[in-house]
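# Provide a 3D model corresponding to the input given below.
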Amino acid sequence: MPVFTVAELADRLGASFAGEGGLPLDGAVHPAEAAQPGSIAVATSPEFTKLLDGAGVAVLAPETDWQALGLKAAIFVPRPRYALSGLTAAFAHEIDAPPGLHPSAVVEAGAVIGDGVSLGPFVHVAAGAEVGAGSRVLSHVSIGAKARIGAEALIHSGARIGARVSIGARAIIHQNAVIGADGFSFVTPQLGAVEAAKAGGGSQSATQNTSLARIHSLAAVTLGDDVEVGACTTIDRGTLTDTSIGSGTKLDNHVQIGHNVRVGETCMLCAQVGIAGSAEVGDRVVLGGKVGVADHVKIGSDVLVGAASAVASNIPGRSIYMGVPAVKRDEAIKGVMAQRRLPRLFDAVDALKKRLSALEADR
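Down below sits the predicted model:
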């Protein structure tokens, strides 16, 4: 692990420091463990600042009285939580992936491997695929025919990149992600049960699915630059046009993106989000954990959807939705409050019924 002095680390973070600038640091710790020698703690809130008594070095908000905390040195940043990004990058564990091809890697004829690429054990690169310069492909990864991997990408062990998939520069694909599987798209000879229910608006299914014919996914998947895809996340191919994920978007673990879905730039999709086919998500959207989005729904830009919500209809931009089905946050909160008042309402109704019964008995 690298070692930095306080002064060097402050310079790396673009921050100021006070105290002993020459102290060596070899790691970052939680404020509760900040007394460990050679470590630096990050106080992201006043609550954590209280835990720093006896610590050596800490990252603090400006104007914090570091000497009153008994620190030997302190680095000052406007937003300590944001500083965690640069701090953890400085002390990140190196990935053992030197440039070159492992003897067990298989590169088919016609594949193009850029300069400085690392292919780990049992990697398979199919014919016509391209792996951009400086990319690191770890063990047991498969890259399909005519797939394109941008420069400086990092693909972790066990990931599956399907045929014709295009991945931008500096992408990070985590373990066992599957990008470019066939879309879940089937059709029935007659009007299907789901189609009939939508068309009729009734509470019962009018028809039965007697057989299901596959609609093949002829397109692929396109990921922009700086996209991150979490472990065990799946992104299905498009039917006639590519499923697409915009630059800078981050997908958590166990996210499912259906065929033909379009996700904009700089979005965050948290764990177990599921987006059904042909839905559209704008830029800078945050979908909390377990959010479900129905097919063909459109979500505008700058939208936040609370965890475990079910999005069944379009959501306009610059709004906050939550609930099942998802509605505006204020409406959802009113609904929750109304539910909490129901027991008292039931008690009041019971009391009124008893009084009414008593009055009728006295007649």
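# in this structure His296 contacts Ile275, no?
No: with contact defined as Cβ atoms under 8 Å, His296 does not reach Ile275; the gap is 10.9 Å. From N, CA and C alone the C-beta is placed, and that goes for glycine too.
# more crowded one of the two?
Shown here are His296 and Ile275; by other Cβ atoms under 10 Å, Ile275 has more neighbours (28 against 12).
# stretch 19-35: how far from the chain's middle?
Averaged C-alpha coordinates place stretch 19-35 at 30 Å from its chain's average position (Cα atoms, centre = their mean, to the nearest Å).
# again with stretch 49-64
31 Å.
# then stretch 44-55?
Chain-centre distance of stretch 44-55: 29 Å, with Cα atoms, centre = their mean.
# could I get the full set of helices for this protein?
When assigned using DSSP state H, the helices of the chain occupy the ranges 6-13, 46-49, 80-90, 193-200, 329-362.
# quickly, which of those helices bottoms out on average pLDDT?
Least confidently modelled of the helices of the chain is helix 193-200, at a mean of 74 by mean pLDDT.
# would you check how far apart Ala147 and Ala61 are?
Ala147 sits 46 Å away from Ala61, taking Cβ to Cβ, to the nearest Å as the criterion.
# so for those two, which sits in the more crowded spot?
Taking other Cβ under 10 Å, Ala147 and Ala61 do not tie; Ala147 has more neighbours (25 against 17).
# ok, that one - contacts?
Contacts for Ala147 (Cβ atoms under 8 Å, 6 or more residues apart in numbering) come out as 126, 129-130, 161-167, 180.
# let's go with 6 Å and repeat that
Contacts for Ala147 were tallied using Cβ atoms under 6 Å, 6 or more residues apart in numbering; they are 129, 161, 165.
# inside strands: which ones of those residues?
Residues of these located in strands (DSSP state E): Ile161.
# most neighbours of all the contacts of Ala147, which one?
Neighbour tally across those (other Cβ under 10 Å): the maximum, 29 neighbours, falls on Ile161.
# surely that residue and Lys146 touch.
No: using Cβ atoms under 6 Å as the test, Ile161 is too far from Lys146 to be in contact (10.9 Å).
# let's have the helices of the chain in CSV, adding distance to Val281 and mean neighbour count.
Output for the helices of the chain, formatted as CSV (distance: least, Cβ to Cβ, whole Å; neighbours: other Cβ atoms under 10 Å):
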stretch, distance to Val281, mean neighbour count
helix 6-13, 33, 19
helix 46-49, 34, 14
helix 80-90, 24, 16
helix 193-200, 22, 14
helix 329-362, 18, 10
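# let's have those helices in a markdown table, adding distance to Leu154.
Below are these laid out as a markdown table (distance: least, Cβ to Cβ, whole Å):
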| stretch | distance to Leu154 |
| --- | --- |
| helix 6-13 | 21 |
| helix 46-49 | 31 |
| helix 80-90 | 13 |
| helix 193-200 | 40 |
| helix 329-362 | 37 |
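# between those, which one is closest to Lys72.
Taking Cβ to Cβ, helix 6-13 is the member of the helices of the chain nearest to Lys72, at 8.5 Å.
# just how off-centre is the closest one within its chain?
Chain-centre distance of helix 6-13: 30 Å, with Cα atoms, centre = their mean.
# orientation of that helix relative to helix 80-90 in degrees?
If you take axes from the mean of the first three to the mean of the last three Cα atoms, to 10 degrees, helix 6-13 sits at 110 degrees to helix 80-90.
# other SSEs contacting helix 6-13?
With contacts defined as 3 or more Cβ pairs under 6 Å, 6 or more residues apart in numbering; DSSP states H and E, helix 6-13 has these neighbours: helix 80-90.
# please repeat the previous calculation with a cut-off of 7 Å.
Contacts defined by 3 or more Cβ pairs under 7 Å, 6 or more residues apart in numbering; DSSP states H and E place helix 6-13 against strand 16-19, strand 73-76, helix 80-90.
# ok, what's across the strand from Thr234?
Beta-bridge pairing of Thr234, defined through DSSP bridges, involves Val178, Gln256.
# so where's the stretch 151-300 of the chain shaky on pLDDT?
Low-confidence segments of the stretch 151-300 of the chain (pLDDT under 70): 201-209.
# Pro78 against Pro62, yeah?
Yes: shown here, Pro78 and Pro62 form a contact pair, counting by Cβ atoms under 7 Å, at 6.5 Å.
# ends of stretch 159-179, what's the gap?
From its first residue to its last, stretch 159-179 covers 8 Å (Cα to Cα, to the nearest Å).
# how far does it sit from its chain's centre?
15 Å.
# now do the buried residues in that stretch.
159-179 (16 or more other Cβ atoms under 10 Å).
# outside of it itself, list whatever touches it.
Defining contact as Cβ atoms under 7 Å, 6 or more residues apart in numbering, one finds that stretch 159-179 is touched by 132, 141-158, 180-181, 220-235, 237, 247.
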